[in-house]
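Sequence isn't available, so here's the structure alone:
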C-alpha cells in the first residue's frame, strides 16, 4: 500500500518532468549513435612488416590498404613488432605465411586480418589449389580470443544504462533530502525499507521501458552484433539498471547537493568503465583486476558480451545475473542502514 | 484536582550535536486538547525540540513520552500530524497528487481519502487550487498546503513548526480559529512561533532560549509573574535583558 504510494508518486513525478524522462530515454540513444559513428568511421591502415622471403605475398599485400615494410631478417622484424612500430610481422613457413599480431589493439588486429584475407584471396587463382596461402595467425600479446571492435557495443550499452540511471536515481533521492520531503516521509509511519523498496519499484518500471528501448535501438537501428537471445539482453540491461539505481540512491546519502552527486562520476563510474573489459584486463596488475571483479558494470558487460557476441545462454550468464542481483540487494540493505542517519527506528 | 493525563511528557532531555548542546535539561508536559506554544528566537532549539517530539530525532539523554509511550516509536507516528518548517512538498506534482500520496502513507483510502482531501483543502482555503502544480503556488499557499497535509489523517496530536509564517493576517486568523476548533474536538496542538501576538493565543507557553527552558505558564501567568504588559516584555525579562 505504502510502497505502491511511493511507486505511483515517482511515476507521476517522471511524467511531469519531461526533461529527465528525455535524458533517460533519448540521451543513451544519442550517445550510442555517436559511438557507432565514431567506431565505424575511417578504416585503420595497418602497418605490416614482412620478411625477405615473402616476396609473392608482399606484392599482394601492397595492393591492399596497408603500409608494408620489409625486414632483412626475422629478428629485426620481431624487434620492430615488440617496439610497436608495426602491427603484424609475416614470415614464411614453407609455402604458408605465418603471421604474428602485436595484438593489444583490437582495431589494428582486425585491419591486419582483413588485409591478409584479401591478399590471400587475390593470390588464390594463381596458386590454383596447390597449398594454402591462408596465413596462420598467432598473437604476440593478448590471447587467442582477443576481442574485436564489436565488443564495444555490449559494454557501451551497459555503461550508458548504468550511468544515466545512477545519476537520475541518485539526484532524485538526494532531492528528497534537500527539499525536506525525506524528513516529512520519516515523520510518517513509513518504514525505512519501504522507502528504499518504493524507489526500486518506481524507478524499476521506468528502467524496464528504458532497457527495452535501448536494447532494441542498439540491435535493430545501430546494428550492433547480436548472436544471442533478446530476452537475455533485456534481463541484463534491467539488472544493471537496478544495481545503478540502488547504488545511486545509496551514494546520494553521502552527497550534500547535486554537484556532489556529479562528483561521484569520476569516482564511481569512470573506474568501472575502465575495468569493464573495454580494455584488455589481462595486462593489468592483479590488484586492479580484483577491483574490477567488485563492480557491477564488469558483470553486466561480461554477460552482455557473452550473449551478444558469443551467443551464449543461461549457464554462461547465470553467475553475472546472481552477482548483479546480489549487488542490488546489498546496496538496498546498505541504504536502509544509511537512512538510520535520519531516523533510527 | 482533575487528573488530566499529559499527552506529552518531556523529562530531563538533552540533545547534543557533536559537542554542541542544543537542548539543555528540558522538562515539560503538554496536556490533552490544549494549544501549547514554544516561543523563542531562531537558533534557540525550538525545531530540535519539535523533532524530538515527532520521533524523527532522539534525545541524547532524558526521555520523551507520547501518550505514555516512550519515543521514538514507529507506531506512534500515526498519532502525529507534523508540519515542518520547510515546506516538504513535491513541487513537480499537483496539490492533489501530494495530498493523495501522504494520505496513502497514513493508510487513508477510497471515499474517506477523497473526503478528507476536500475537507482539509477547504480548511486552508485552497479548494480552487487542488489540481494546480505546487511549483505554481505562492509561499503562503505552500505553507497552507503543508498544514492541510498535516491535518489529513485527523491525528490527535499536531506538531507545527512555525505554521503561520508567510500567511496573511486574514487567513492567519481563520487558521487559528480552526486550530481552536480542533482543540475543542480534543486535538492537542504544539506549535513553535516567534510571533509574539500569536503566542498570546496559546493556552500555555514555553519560553526557550539557547536551549534552556526559561518558563512555562499561561500567557496571563507569564505577564503576571514578570510584571510585564506584553509577552514580548516577559520574554525579554526571562531572556536576561532585565530591567
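Nice, thanks for sending it over. This structure is a prediction, so every number in the text was calculated from the model and none was measured.

rest of the way, CA atoms for contacts and neighbours
Will do.

Can you give the contact residues for the strand or helix carrying residue B:198?
Here residue B:198 is covered by helix B:196-199, with elements defined by DSSP states H and E. The contact list for helix B:196-199 (C-alpha atoms under 8 Å, 6 or more residues apart in numbering or on different chains) reads B:37, B:39, B:193, B:205, B:219, B:231-232.

Closest one to residue A:216 out of the residues you listed, please.
Nearest to residue A:216, judged by C-alpha to C-alpha, of the contacts of helix B:196-199 is residue B:193 at 57.7 Å.

and the stretch 51-200 of chain A, which residues reach chain B?
A:179-181, A:183-184, A:186-191 (C-alpha under 8 Å from any C-alpha of the partner chain).

ok, is the helix or strand hosting residue B:62 in contact with chain A or not?
Per DSSP H and E: residue B:62 is located in strand B:61-66. No - residues of strand B:61-66 are not located near chain A by C-alpha under 8 Å from any C-alpha, the shortest gap being 14.3 Å.

how far out from the middle of the chain is the helix or strand that that strand is followed by?
Using DSSP H and E, the helix or strand that follows strand B:61-66 in sequence is strand B:69-70. Centroid separation for strand B:69-70 versus its chain: 19 Å, with C-alpha atoms, centre = their mean, to the nearest Å.

Give me the packing partners of strand B:69-70, helices and strands only.
Using 3 or more C-alpha pairs under 8 Å, 6 or more residues apart in numbering or on different chains; DSSP states H and E as the contact test, no helix or strand touches strand B:69-70.

which non-adjacent residue is nearest the residue in the stretch 51-200 of chain A positioned nearest to chain B?
Across the stretch 51-200 of chain A, the shortest distance to chain B (C-alpha to the nearest C-alpha) belongs to residue A:181, at 4.4 Å. Closest residue to residue A:181 apart from its sequence neighbours, by C-alpha to C-alpha, 6 or more residues apart in numbering or on different chains: residue B:88 at 4.4 Å.

The one you found - how many residues pack around it?
When neighbours are defined as other C-alpha atoms under 10 Å in any protein chain shown, residue B:88 has 24 of them.

Now do the same for it: helix, strand or coil?
Per DSSP: H, G, I helix; E, B strand; the rest coil, the secondary structure class of residue B:88 is coil.

Quick check, it in contact with residue A:186.
No - under the criterion of C-alpha atoms under 8 Å, residue B:88 is not in contact with residue A:186, lying 11.4 Å apart.

and the lowest-mean-pLDDT helix or strand in chain A, how far from the chain's centre?
Across the helices and strands of chain A, mean pLDDT, DSSP states H and E gives its lowest value to helix A:106-127, namely a mean of 73. Its chain's C-alpha centre and that of helix A:106-127 lie 29 Å apart, by C-alpha atoms, centre = their mean.

can you list the residues that contact stretch A:268-285?
If you take C-alpha under 8 Å, 6+ apart as the criterion, stretch A:268-285 is touched by A:104, A:142, A:151-152, A:155, A:159, A:163, A:288-289, A:291-292, A:295-299, A:301-302.

ok, now stretch A:161-176?
Contacts for stretch A:161-176 (C-alpha under 8 Å, 6+ apart): A:20, A:23-24, A:28, A:182, A:203, A:207, A:211, A:237, A:240-241, A:243-253, A:255-258, A:261-262, A:269, A:297.

How about stretch B:108-122?
Here stretch B:108-122 makes contact (C-alpha under 8 Å, 6+ apart) with B:96, B:99-100, B:103, B:127, B:130, B:145, B:148-149, B:151-153.

can you do 7 Å?
B:99, B:103, B:127, B:148, B:151-152 (C-alpha atoms under 7 Å, 6 or more residues apart in numbering or on different chains).

Name the residues of it that come out as buried.
Within stretch B:108-122, the residues scored as buried using 16 or more other C-alpha atoms under 10 Å in any protein chain shown are B:108, B:113, B:116-121.

Same check on stretch A:318-325?
If you call a residue buried by 16+ other C-alpha under 10 Å, then stretch A:318-325 has these buried ones: A:320-321, A:323-325.

Repeat that for stretch B:51-66.
Buried positions in stretch B:51-66, judged by neighbour count with 16+ other C-alpha under 10 Å: B:51-59, B:63-66.

Show me what from chain B comes close to chain A.
Residues of chain B found near chain A (C-alpha under 7 Å from any C-alpha of the partner chain) are B:54, B:56-57, B:74-75, B:77-78, B:82, B:86, B:88-89, B:92-93, B:101, B:104-106.

which residues sit in contact with residue A:338?
residue A:253.

for residue B:20, same thing?
Going by C-alpha under 7 Å, 6+ apart, residue B:20 touches no other residue.

Need the pLDDT of it.
Reported pLDDT at residue B:20 in the predicted model: 92.

top of the contacts of stretch B:108-122 by neighbour count?
Among the contacts of stretch B:108-122, residue B:99 has more neighbours than the rest - 27 neighbours, counting by other C-alpha under 10 Å.

That residue and residue A:13, how far apart?
From residue B:99 across to residue A:13, the span is 14 Å (C-alpha to C-alpha, to the nearest Å).

just residue A:311 next, same as before
For residue A:311, the distance to residue A:13 equals 39 Å [C-alpha to C-alpha].

Which one of those two is surrounded by more residues?
Each of residue A:311 and residue A:13 has its neighbours counted (other C-alpha under 10 Å); residue A:13 has more, 19 against 14.

ok, the residues of the stretch 51-200 of chain A next to chain B vs residue B:138, which is closest?
Nearest to residue B:138 out of those is residue A:179 (C-alpha to C-alpha; 16.2 Å).

Touching, that closest one and residue B:88? I think so.
Yes - under the criterion of C-alpha atoms under 7 Å, residue A:179 makes contact with residue B:88 at 6.1 Å.

that older thread, in helices only, show me the residues of the stretch 51-200 of chain A next to chain B.
Among these, DSSP state H puts A:181, A:183-184, A:186 in helices.

among the residues you listed, who's most crowded?
Neighbour tally across these (other C-alpha under 10 Å): the maximum, 23 neighbours, falls on residue A:186.
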